[in-house]
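Asks: give me a 3D structure for the following:
(one chain, ligands or ions: 1)
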Amino acid sequence: MTEQYSQRTRMVHAGTRRSHYGETSEAIYLTQGFVYPDAEAAEARFKGELPAGEESFIYARYGNPTVAMFEDRIAALEGAEAAFATASGMAAVHAALMCQLRAGDHVVAARALFGSCLYIVETLCPRFGIDVTLVDGTDLDQWRTAMREETRVCFLETPSNPTLEIIDIAAVAEIAHSVGARLVVDNVFATPMYQRPIAWGADVVVYSATKHIDGQGRCLGGVILGGNAFIRDEVEPYVKHTGPALSPFNAWVMLKGLETMPLRVAAQTDAAEAVASHLAASRGIERVLYPGLPSHPQHNLVGVQMERPGQVISFEIEGGQAGAFRFLNGLELIRISNNLGDAKSLITHPTTTTHQRLSAEARAALGISDGLVRLSVGLEDPEDLRRDLDRALAAV
Ligand SMILES: *Cc1c(COP(=O)(O)O)cnc(C)c1O
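Replies: Have a look, this model is predicted:
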């Protein structure tokens, strides 16, 4: 669909493929394979020879009409040339990195990564002869110093989980490109609504569609976005031959999720801004980490690289782990869960859940204290959320 329409409009229409029935809503093509009118047509499709303007599918491991609708719609939002959908966010991260790395290569990654992303760079890469340097992502000098001639990929997440540090994408892209490396950005926390890393120089963007794109807690999914050559020549063969394809049903859920995502994420961010200000003025809280508050260390990048501050707030409850547990257990409406981006407000205690695997020193280096909790603000009435938080704070 042409660029003349706004994002919100494109999220309702981009990528739609209608069958001869003219259905209003996108169809679920729940099929693994496709049939060919004759042997010559089968041969032509396998050779990639198609009549101009025609689209063909061969096998759902590497192409399906419903999955293609999702890929085109998210690519339109991101402003990327192409997209490839995967079975989960981790399948996207894994494929985006591994499809372009080989033994002898070097990777530089920000240390503050989602736990499984950290496993891929810290544990998996070295097993295959790929050397990895972890840096403090907000310190540009550490990125510069880490670069080598054989550095192929720089990888980061911004805002980071769970301390919501913001990394300057344009600056790291420039450092990566100076040695011919590519920058891969995991853009889950900012959402595709509020940050488009490709516009800031990133080469590849990955999402867990499980989060805001679904946004209603139903399906796992992921997507890799980038230039046409990268997606077709590097990602596609890797995914095609290793198999982490997105199911057409899940692609349909994600596709329909994109229609409402602009409205959902905007409402969640409005509520998060109100909740963050309220928490900052509340007693029983040591500090509030939210990109939208002037107290955030990289607040200057909000409104520039990141259009809006997003819907995740982290804050430190007084009294360490015991205080945080009393607080979590005092909540009634906000549910304890490690997911985020959902219609339901969810809260987690990283030290004992998502970041339990790390040593106490590693957690301290990432700023994850025992009193820290991470709140993903949902679609409830912000007044109800405020009352729930106040009740739980009184219990601390
Ligand atoms: C959830 C998440 C992932 C992994 O996504 P799944 O869909 O759960 O596999 C990767 N990166 C970030 C930042 C996430 O929040």
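Asks: what's the biggest helix by length in the chain packed up against?
Replies: Taking DSSP state H as the criterion, the chain has its longest helix at helix 248-280. Helix 248-280 sits against helix 7-13, helix 65-78, helix 191-194, strand 285-289, strand 312-317, helix 382-395, with contacts defined as 3 or more Cβ pairs under 8 Å, 6 or more residues apart in numbering; DSSP states H and E. Glycine gets a C-beta too; all of them are placed from N, C-alpha and C.
Asks: how big is the angle separating that helix from strand 285-289?
Replies: Here helix 248-280 runs at an angle of 130 degrees relative to strand 285-289 (axes from the mean of the first three to the mean of the last three Cα atoms, to 10 degrees).
Asks: out of the helices and strands packed on helix 248-280, which is closest to the ligand?
Replies: strand 312-317 (9.4 Å; Cβ to the nearest ligand atom).
Asks: so the helix or strand following that closest one versus strand 312-317, what angle?
Replies: Later in the chain than strand 312-317, the nearest helix or strand by DSSP states H and E is helix 320-330. Using the same axes, to 10 degrees, the direction of helix 320-330 lies 120 degrees away from that of strand 312-317.
Asks: and helix 320-330, C-alpha only, in PDB?
Replies: The C-alpha coordinates for helix 320-330 follow below in PDB (Å, rounded to 0.1, in the frame of the first residue of the first chain):
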ATOM      1  CA  GLY A 320      14.400  -5.000  49.300                       C
ATOM      2  CA  GLN A 321      12.900  -8.300  48.200                       C
ATOM      3  CA  ALA A 322      10.600  -8.600  51.300                       C
ATOM      4  CA  GLY A 323       9.200  -5.200  50.500                       C
ATOM      5  CA  ALA A 324       8.700  -6.000  46.800                       C
ATOM      6  CA  PHE A 325       7.000  -9.300  47.700                       C
ATOM      7  CA  ARG A 326       4.600  -7.600  50.100                       C
ATOM      8  CA  PHE A 327       3.900  -5.100  47.400                       C
ATOM      9  CA  LEU A 328       3.200  -7.700  44.700                       C
ATOM     10  CA  ASN A 329       1.100  -9.800  47.000                       C
ATOM     11  CA  GLY A 330      -0.900  -6.600  48.000                       C
END
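Asks: tell me which residues in that helix are buried?
Replies: Residues 323-328, 330 are the ones in helix 320-330 that count as buried (16 or more other Cβ atoms under 10 Å).
Asks: pLDDT of that helix, averaged?
Replies: Taken as a whole, helix 320-330 has an average pLDDT of 97.
Asks: so after that helix, what's the next helix or strand?
Replies: strand 335-336.
Asks: spell out which strands sit alongside that next one in the sheet and which way each one runs.
Replies: Strand 335-336 has its sheet partners listed here by DSSP bridges as strand 346-348 (parallel).
Asks: count of neighbours near V312?
Replies: Using other Cβ atoms under 10 Å, V312 is surrounded by 28 other residues.
Asks: for the closest residue in space to it that isn't next to it in sequence, what are its contacts?
Replies: In this structure, V312 finds its nearest non-sequential neighbour in S376, 5.4 Å apart by Cβ to Cβ, 6 or more residues apart in numbering. Contacts for S376 (Cβ atoms under 8 Å, 6 or more residues apart in numbering) come out as 311-312, 339-342, 345-347.
Asks: G227: which of the residues you listed is nearest?
Replies: Lowest distance from G227 to the contacts of S376 (Cβ to Cβ) belongs to G341, with 26.5 Å.
Asks: if we can go back for a sec, look up which residues are beta-bridged to the residue nearest to V312.
Replies: With DSSP bridges as the rule, S376 is bridged to V312, L346.
Asks: need the pLDDT of it.
Replies: Confidence at S376, expressed as pLDDT, is 98.
Asks: any idea how far the ligand is from it?
Replies: In this view, S376 and the ligand are 10 Å apart by Cβ to the nearest ligand atom, to the nearest Å.
Asks: circling back to that earlier point, which one of the contacts of S376 sits closest to the ligand?
Replies: When the contacts of S376 are ranked by distance to the ligand (Cβ to the nearest ligand atom), L340 comes first, at 6.3 Å.
Asks: spell out the secondary structure type for that closest one.
Replies: Per DSSP: H, G, I helix; E, B strand; the rest coil, the secondary structure class of L340 is coil.
Asks: point me to the residue of this structure nearest the ligand.
Replies: G89 (2.2 Å).
Asks: how about stretch 262-269: buried residues?
Replies: 262, 264-265, 267-269.
Asks: pretty sure L385 contacts K344?
Replies: No: taking Cβ atoms under 8 Å as the definition, L385 is not a contact partner of K344, at 10.9 Å.
Asks: between those two, which is the more surrounded one?
Replies: Neighbours per residue, other Cβ under 10 Å: of L385 and K344, the larger number sits with L385, 22 against 15.
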